[in-house]
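1. okay, structure incoming, though there's no sequence with it:
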């Protein structure tokens with residue numbers, strides 16, 4: 001025989017678990033400090049500058 005469960009409690013338990021999962025996702029998405037965000041932004045800008053410096057210019061290629 002199967003176990004008898006209270007549907008009201010089961011619904012609340014499932015809703016709590018979903019809210020906790022959403023909260024965990026938000027913590028990972030938005031939970032960085034200002035310093036960490038600025039550091040990541042600076043690293044990204046530096047990587048973009050380095051990539052732009054290594055790009056070939058179409059005008060230079062036409063002359064050669």
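-> Great, that's in hand. Computed from a predicted model, the values in this text were never measured in an experiment.
2. okay, now the unreliable bits of this structure?
-> 58-64 (pLDDT under 70).
3. biggest helix in it, by residue count?
-> Using DSSP state H, we find that the single longest helix of the chain is helix 7-30.
4. buried residues, that one. List them.
-> For helix 7-30, burial by neighbour count (16 or more other C-beta atoms under 10 Å) applies to no residue. C-betas here are computed from N, CA, C, even on glycine.
5. from the contact counts, what lies against the helix or strand just after that helix?
-> Next helix or strand after helix 7-30 toward the C-terminus (DSSP states H and E): helix 34-54. With contacts defined as 3 or more C-beta pairs under 8 Å, 6 or more residues apart in numbering; DSSP states H and E, helix 34-54 has no helix or strand neighbours.
6. neighbouring contacts of helix 34-54?
-> residue 32 (C-beta atoms under 8 Å, 6 or more residues apart in numbering).
7. which residue is nearest the centroid of this protein?
-> Nearest to the geometric centre of the chain sits residue 29, at 4.9 Å (C-alpha atoms, centre = their mean).
8. ok, back up a step: and the longest helix of the chain with helix 34-54, angle?
-> 50 degrees (axes from the mean of the first three to the mean of the last three C-alpha atoms, to 10 degrees).
9. show me what helix 7-30 is packed against.
-> Short answer (3+ C-beta pairs under 8 Å, 6+ apart): helix 7-30 packs on no helix or strand.
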